[in-house]
Each structure stands twice: as C-alpha cells, then as structure tokens.
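S.K.: please find the sequence and the predicted model below.
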Protein chains: 2
Amino acid sequence: MMKVLLLVVGHTDETYLKEGIAVFVDRLKHYADFTMEVVSTPKSASKLPVQQLRDAEANLILGKIKPGDHLVLLDEAGKQHTSVEFAEFIGKMQLASAKRLVFVIGGANGFSEKLYKHASQKFSLSKMTFTHQMIRLLFVEQLYRAFTILKGEKYHRE
Amino acid sequence: MMKVLLLVVGHTDETYLKEGIAVFVDRLKHYADFTMEVVSTPKSASKLPVQQLRDAEANLILGKIKPGDHLVLLDEAGKQHTSVEFAEFIGKMQLASAKRLVFVIGGANGFSEKLYKHASQKFSLSKMTFTHQMIRLLFVEQLYRAFTILKGEKYHRE
C-alpha cells in the first residue's frame, strides 16, 4: 500500500471536524498506509512576526520530509483538479512507486517561501477560501474518494 | 435583514455535519434572516427511475419558491467564485433589495431540467465533487464568510 502522509499545522479545534476527519481517516486505512500528523509551533512562537512564524512552521514541516518524498502543498494558488483528475494523480503516483506522498495543509498564516521551494506541486481544492481546519475534512474526503474511483467503487457518481 | 433560504434535498445523516452546520446557521442569524429547510421525497419515491425522482424533488423545491425569489442552484457545472466575489454577489442582492435569496443544494440524484429552467444562476463551490451533505457545511461557512467580508470583519484573511 502506498504511504500517504498528511501534515497539518496546529491541532484541529472543532469537535465536529475531528469527528468528520476521523470517519475518513478510518476508511482510508483500507486503501493506503495513511497517517495524519499535526505540526505545532511552540506557544512562545505565536508572538513572532508572521514571516518568522511561517519559517518556523516550514522548518517543522521540512523536518518530517524524507528524501524521495513527493511533496504537495494544498494552496489557494495551486492547480484545481476534478475528483477524477485527482484520482488519476494518485494512480500515477502508485504506478511510479512513489516512496511516500506528503500533502501539507498550512496554518492560518500561510506558507513560507522556503516551503514552496521544496514542493513538487501545489493543489487547490476550491477558488473559495475555507478555514485551514475545514480544508482537512475536505481533503481526507477527496483522498478517500480518489481511492474509491481508482478501485471503481460506487462512492463517486458522475 | 435580507431573507436567505437554503433548500436541501434529504435530511443530513452524519452527526458531525449536523453539528458543523448548526455552528454556522447560528452565526448567520446575526447577519441575515436565514433559514435552512429540508425537502424530502416520500420513501415510496425512492424506487422511481432517476429522472422521475428528480422531477418529484423539483416539484417539492418549486413548491417552496415564491414570486420574486432569486433562485440559485449549487451545481457542479455552475460558475465558480472566490469568497470575495461571492460576498460581492450577496452585497449586490442586498442593494437590489432582493425579496429573498434562495439557494438549493440537490440530492444525490442531481437536478431535473425543470429546476434549471427556473433558476437565475448556478454556482459551483469547487471543481471537485463532494457529497451533497458535505456541500451543506461548505456552503453555510461560505455564506457566513460572505457576510463577515461585507461587514469588514476579521474572520476572512486574504
């Protein structure tokens, strides 16, 4: 099974989001070696200027990345895909025997330039802005949907 | 306050979605005369061919529409907006003293041609497909976000 890591910045606060995310993380286990990991800056960092905070977050994220990882940032300025196109991307990565696929959902502060330089791709889920916490739910649902599309299962309807 | 009605087809099943939707419905009360209403086809209809089921749902939806309502369908084939553009649309409707703004999120079966003919506009929240139940959460968050943008409040960050 392909290894997929989802890195998110900061803990999920809302119970309803935690519950929804857990539903799809649980379902994903049947399709991939999936982990969601929270990266948190120390509380003392919250008073730093935004740019320094972003860099601190980037360092924590990059500390989780291994050589050979395929790094995708979820970013409003990224490329939009349909669910089927996203599934095709996942399928390609499986065929290419990618070591590990790493998706990153940033915090409320956005990404630092440092992180953009390390990323292979940038994906956007919508032209609209959602909270970085809600994006987690949207993303795990899309990832689950992608695997069901690849397996030809009934979840997705055109 | 502007009247806004959100019509959805079928009850929300997942508790986490109900909770999330309730958070934003509650917040929306400070900005608009907002109601979310569920339209449900009788269980006996579930065995109908898709086309007939869509028509039955369309009749229930159209039964809720009054003369002068501005009807917007949330539809994958609709126009995508940024959150700011969506807020501008809401602002325009307020200025035009629209009697009532009605958004419709269809069921798993999609919309009938009959309903498309009555709609003023079609909006899409994403190129990706989400469950029609999750779209409810995304939509109420965007509607809340739109009102905070119009009021210049801090919730939305560019």
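M.R.: Received the coordinates, thanks. Numbering: from 1, shown residues only, chains lettered A, B, ... in the order given.
S.K.: now residue A:144: which helix or strand?
M.R.: helix A:134-150 (DSSP states H and E).
S.K.: for chain A, what spans make up the helices?
M.R.: With DSSP state H as the criterion, chain A has helices at A:15-28, A:50-62, A:83-95, A:113-118, A:134-150.
S.K.: near chain B, which residues of chain A?
M.R.: For chain A, the contact set with chain B under C-beta under 8 Å from any C-beta of the partner chain comprises A:14-17, A:19-20, A:23, A:80-83, A:86, A:108, A:125-131, A:134, A:137-138, A:141-142, A:145, A:156-157. To be clear about C-beta, it is placed using only N, CA and C from the backbone, and glycine gets the same treatment.
S.K.: buried subset of those residues?
M.R.: Neighbour-count burial (16 or more other C-beta atoms under 10 Å in any protein chain shown) applied to those gives A:14, A:16-17, A:19-20, A:23, A:81, A:83, A:86, A:125-131, A:134, A:137-138, A:141-142, A:145, A:156.
S.K.: just the C-alpha atoms of the helix holding residue A:144, please, in PDB.
M.R.: What follows is helix A:134-150, C-alpha atoms only, in PDB (Å, rounded to 0.1, in the frame of the first residue of the first chain):
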ATOM      1  CA  MET A 134     -12.200  22.700   7.400                       C
ATOM      2  CA  ILE A 135      -9.800  22.000   4.500                       C
ATOM      3  CA  ARG A 136      -8.600  19.000   6.400                       C
ATOM      4  CA  LEU A 137     -12.100  17.400   6.300                       C
ATOM      5  CA  LEU A 138     -12.500  18.300   2.600                       C
ATOM      6  CA  PHE A 139      -9.100  16.800   1.800                       C
ATOM      7  CA  VAL A 140      -9.500  13.500   3.500                       C
ATOM      8  CA  GLU A 141     -12.900  13.100   1.900                       C
ATOM      9  CA  GLN A 142     -11.300  13.800  -1.600                       C
ATOM     10  CA  LEU A 143      -8.500  11.400  -0.900                       C
ATOM     11  CA  TYR A 144     -10.900   8.700   0.100                       C
ATOM     12  CA  ARG A 145     -13.000   9.500  -3.000                       C
ATOM     13  CA  ALA A 146      -9.900   9.200  -5.100                       C
ATOM     14  CA  PHE A 147      -9.100   5.700  -3.900                       C
ATOM     15  CA  THR A 148     -12.700   4.600  -4.500                       C
ATOM     16  CA  ILE A 149     -12.500   6.000  -8.000                       C
ATOM     17  CA  LEU A 150      -9.300   4.100  -8.700                       C
END
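S.K.: residues in contact with it?
M.R.: With C-beta atoms under 8 Å, 6 or more residues apart in numbering or on different chains as the test, helix A:134-150 has contacts from A:4, A:6, A:8, A:12, A:17, A:20-21, A:24-25, A:27-28, A:31-32, A:34, A:36, A:74, A:83-84, A:86-87, A:89-91, A:94, A:103, A:105, A:125-126, A:130, A:154-156, B:128-131, B:134, B:137-138, B:141.
S.K.: the top strand by length along chain A packs against which elements?
M.R.: Taking DSSP state E as the criterion, chain A has its longest strand at strand A:69-80. Under the contact criterion of 3 or more C-beta pairs under 8 Å, 6 or more residues apart in numbering or on different chains; DSSP states H and E, strand A:69-80 touches strand A:100-105, helix A:113-118, strand A:121-124.
S.K.: circling back: mean neighbour count, the helices of chain A: which tops it?
M.R.: Ranked by mean neighbour count, the helices of chain A are led by helix A:134-150 with a mean of 22 (mean count of other C-beta atoms under 10 Å in any protein chain shown).
S.K.: okay, residue A:104 and residue A:127: tell me how far apart.
M.R.: Distance from residue A:104 to residue A:127, counting by C-beta to C-beta, to the nearest Å: 20 Å.
S.K.: ok, now residue A:37?
M.R.: According to C-beta to C-beta, residue A:37 and residue A:127 sit 28 Å apart.
S.K.: please apply the same query to residue A:55.
M.R.: Where residue A:127 is concerned, residue A:55 sits at a distance of 28 Å (C-beta to C-beta).
S.K.: residue A:62 now?
M.R.: Distance, residue A:62 to residue A:127, by C-beta to C-beta: 28 Å.
S.K.: and residue A:51, by the same measure?
M.R.: Residue A:51 sits at a distance of 26 Å from residue A:127 (criterion: C-beta to C-beta).
S.K.: for residue A:70, same thing?
M.R.: 25 Å.
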